[in-house]
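Student: fold the following.
(one chain, ligands or ions: 2)
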Amino acid sequence: VQRGRIVAAAEVEQSYIMIKPDGVQRGLCSKDLAQEHYKDLKDKPFFPTLINYITSGPVVCMAWEGVGVVASARKLIGATNPLQAEPGTIRGDLAVQTGRNVVHGSDSPDNGKREIALWFKEGELCEWESVQTPWLIE
Ligand code: IDP
Ligand code: MG
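Tutor: Ligands and ions are numbered 1, 2, ... in the order given. Model (predicted):
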């Protein structure tokens, strides 16, 4: 951790953010949102337990953007069943059961768009270009 770093004459601040125990316990993700997110699976026998799982506590939402990011993220996440996920993947290293597989990643660019529109409101995401972009993408 760098403290008191000076950037363009302005002090860079640090803020410690913590989700407190009540935040974790209160199930702040609504059932409606969870059901809409997983609507393709609504006829599966595990749908009710999946909705209970996803709404059991807060989740951290991210929108990743990049060339081939849908497939790359799925590769990093690993197979749906953690026992079939390769070592080195998030599910392979950190999970045991399909019903507790720690992380979600959209399965197609279309679903990526749909899910991001569901979880983020207009204006909640900012678009910006890193100065490194031209050195990564020709
Ligand atoms: P994915 O997350 O790898 O894309 P999907 O088939 O889209 O897998 O299923 C969505 C989520 O539903 C899974 O990540 C897992 O949490 C849950 N799920 C899928 N199949 C089962 C099952 O057979 N039992 C319990 N939960 C399941
Ligand atoms: Mg899926």
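
Student: show me which residues of this structure sit near ligand 1.
Tutor: By the criterion of Cβ under 6 Å from any ligand atom, the positions of the chain lying close to ligand 1 are 41, 46, 50, 80, 98-99, 101, 104, 107. The way it works is simple: take the backbone N, C-alpha and C, and place the C-beta from them, glycine included.

Student: the helix or strand Asn111 falls within: what's the following helix or strand?
Tutor: Following DSSP states H and E, one finds Asn111 within helix 109-119. Remark: after helix 109-119, the chain's next helix or strand is helix 133-136, criterion DSSP H and E.

Student: got the contact list for Val70?
Tutor: By Cβ atoms under 8 Å, 6 or more residues apart in numbering, the residues touching Val70 are 105-109, 112.

Student: quick one: which of those is most hemmed in?
Tutor: In terms of neighbour count, Gly105 stands highest of the contacts of Val70 at 20 neighbours, by other Cβ atoms under 10 Å.

Student: that one is in contact with Ile77, isn't it?
Tutor: Yes - look at Gly105 against Ile77 with Cβ atoms under 8 Å: they come within range, at 4.7 Å.

Student: out of the residues of the chain next to ligand 1, which are inside helices?
Tutor: Counting by DSSP state H, the part of the residues of the chain next to ligand 1 found in helices is Leu50.
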